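*Asks:* Provided below are the primary sequence and the corresponding predicted coordinates.
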Amino acid sequence: MPQTRSSHLGPATRAIHGQRQRDAFGSPHMPIYDTTTFAYPDTAALLEVTEGRRRGPLYSRYGLNPTLFALEETLAALEGAEAAWAFSSGMAAISTLFLSHGRRGIVCLGEVYGGTLGLLEQQLPELGIETHVMPEGHDPDTLERLLASGTGLIYLETPTNPTLQLIDIAAVAEQAHLHGALVAVDATFATPINQQPLALGADIVVHSATKYLGGHSDLTAGAAMGPARLLEPMWRWRQNLGSALSPQIASLLSRSLRTLPLRMQRHEASAQAIAEALLDHPAIDRVLYPGLPSHPGHSLARRQMRGFGGMLTLEIAGGRDAATAVADRLTLFALAPSLGGAESLVTQPCTTSHADLSAEERTRRGISDGMLRLSVGLEDVEDLLADLHQALDPEPGS
């Protein structure tokens, strides 16, 4: 992996100074170029851009816009990548990844977002792309058999949604690369602040920037980072599918990235405190959080992550109805899908992200109907704990 301009800098410095594009009038951040097309003084200057001899703005649907350039430079700096592309959503980034690098077959390790699973099991096979889903995670023997058959792309999330399973990125990458396969990691839950998949051997990283990278529940975006030679095919798909991020949203996302390191510190400090406080609560069968020594992936998380993130999952005693009742009694935790915003959210996977799976399939994947996934926000942790306790221990008759 080539060393990036800011590879020696800390994450907070990268978040603020990763942008190399500079505004001609001295603005510390790139203004919104709400511009469809960009004019050139003559054909020679235009050809320098269209023939790839110089990177320059041209047409915003292609993503060739100064506001996107500045955002993508910061994204690449945060992830320690040579290049980055910004997309209109996380699913746009993921689908572009699969179309660009999945033609030889895709193996999905571990639990993944429901939309990704639908793409893998339904739409991609309709296009003749062979896919294999291994919800148990990294089984080296099964993966070896699939790699030997010529599979070209291994895809995984870590930590996973909603069980927060950890997958050893370095081990998967080592095995895949022996067969010439690529490894792509969705690192949305961890963010570039807590995990650097490229440094661990992964080839491409994708994010739903709607979540922590955006951080304020006011934008929808996606991102892919990695070596330029691997991102180049994705740029062509993005151009022709029209899935480049708009300049307005790119500017919002650039703003948000500047506070990402600070926000993640607060998210995970509160999540750790809540996980520890609820660990022995009688209304809870299990607390799943990588920062707990009881979590099965705790030792791996300590090796491949800098922090444990702001997501945790509670398995409520009494099953689906009990979990629903707890969710409905919460007042500060809003009942809503998504995650990573300033406000705390709660969702019951069996009614949202994994509702399309049968109860039997959810059980096979370790997703019980009594699970509640918490996205711990930036509120005072004492208030969040009080809200959880009143929902878990309701007054008689309430």
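*Replies:* Ah, there it is. Residues are numbered from 1 along each chain as shown.

*Asks:* Make sure I have this right: Ile129 is in a helix.
*Replies:* No - read with DSSP: H, G, I helix; E, B strand; the rest coil, Ile129 is coil and lies in no helix.

*Asks:* excluding its backbone neighbours, what's nearest it?
*Replies:* Nearest residue to Ile129 in three dimensions, chain neighbours excluded: Gly102, at 5.5 Å (C-beta to C-beta, 6 or more residues apart in numbering). C-beta coordinates here come from the backbone N, C-alpha and C atoms, glycine included.

*Asks:* Then Glu174?
*Replies:* Leaving aside its sequence neighbours, Glu174 sits nearest to Gly201 (C-beta to C-beta, 6+ apart; 6.4 Å).

*Asks:* do Gln19 as well
*Replies:* In space, Gln19 is closest to Ala70, 4.5 Å off (C-beta to C-beta, 6+ apart).

*Asks:* mind checking how far the one you found is from Arg61?
*Replies:* 18 Å (C-beta to C-beta, to the nearest Å).

*Asks:* How about the contacts made by Pro282?
*Replies:* Applying C-beta atoms under 8 Å, 6 or more residues apart in numbering to Pro282 gives the contacts Ala317.

*Asks:* Identify the residues contacting the helix or strand encompassing Ala275?
*Replies:* Here Ala275 is covered by helix 260-278, with elements defined by DSSP states H and E. By C-beta under 8 Å, 6+ apart, the surrounding residues in contact with helix 260-278 are 11-12, 15, 78, 191-194, 212-213, 215, 284, 287, 289, 291-292, 307-312, 314, 340, 342, 374, 376-379, 381, 384-385, 388, 392.

*Asks:* Specify the next element, helix or strand, located C-terminal of it.
*Replies:* Moving toward the C-terminus from helix 260-278, the next helix or strand (DSSP H and E) is strand 284-288.

*Asks:* what's the pLDDT at the residue nearest to Glu174?
*Replies:* Per-residue pLDDT puts Gly201 at 98.

*Asks:* Now do the contacts for the residue nearest to Gln19.
*Replies:* Counting by C-beta under 8 Å, 6+ apart, Ala70 has contacts 19-21, 29-30, 250, 254.

*Asks:* of all the residues you listed, which two lie farthest apart?
*Replies:* Farthest apart among these by C-beta to C-beta are Arg20 and Ala250. That separation is 15.1 Å.

*Asks:* Name the nearest residue to Gly188, ignoring sequence neighbours.
*Replies:* No Gly there; residue 188 is Thr. Excluding the flanking residues, the one nearest Thr188 by C-beta to C-beta, 6+ apart is Ser208, at 4.6 Å.

*Asks:* and the gap between that neighbour and Tyr113?
*Replies:* Going from Ser208 to Tyr113 by C-beta to C-beta gives 8 Å.

*Asks:* Neighbour count: these two, which is higher?
*Replies:* Legend: neighbour count by other C-beta atoms under 10 Å for Ser208 and Tyr113, higher for Ser208 (29 against 20).

*Asks:* these two touch, right, that one and Gly215?
*Replies:* No - using C-beta atoms under 8 Å, Ser208 is not in contact with Gly215, being 11.9 Å away.

*Asks:* Generate a ChimeraX selection restricted to the buried entries among the contacts of Ala70.
*Replies:* Only the buried entries of these go into this ChimeraX selection, using 16 or more other C-beta atoms under 10 Å:
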select :19,21,29,30,250,254
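
*Asks:* In a markdown table: the contacts of Ala70, plus pLDDT and distance to Trp85.
*Replies:* Shown next, in a markdown table, are the contacts of Ala70 (pLDDT from 0 to 100; distance: C-beta to C-beta, whole Å):
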| residue | pLDDT | distance to Trp85 |
| --- | --- | --- |
| Gln19 | 81 | 16 |
| Arg20 | 77 | 16 |
| Gln21 | 74 | 15 |
| His29 | 83 | 20 |
| Met30 | 88 | 16 |
| Ala250 | 98 | 11 |
| Ser254 | 97 | 15 |
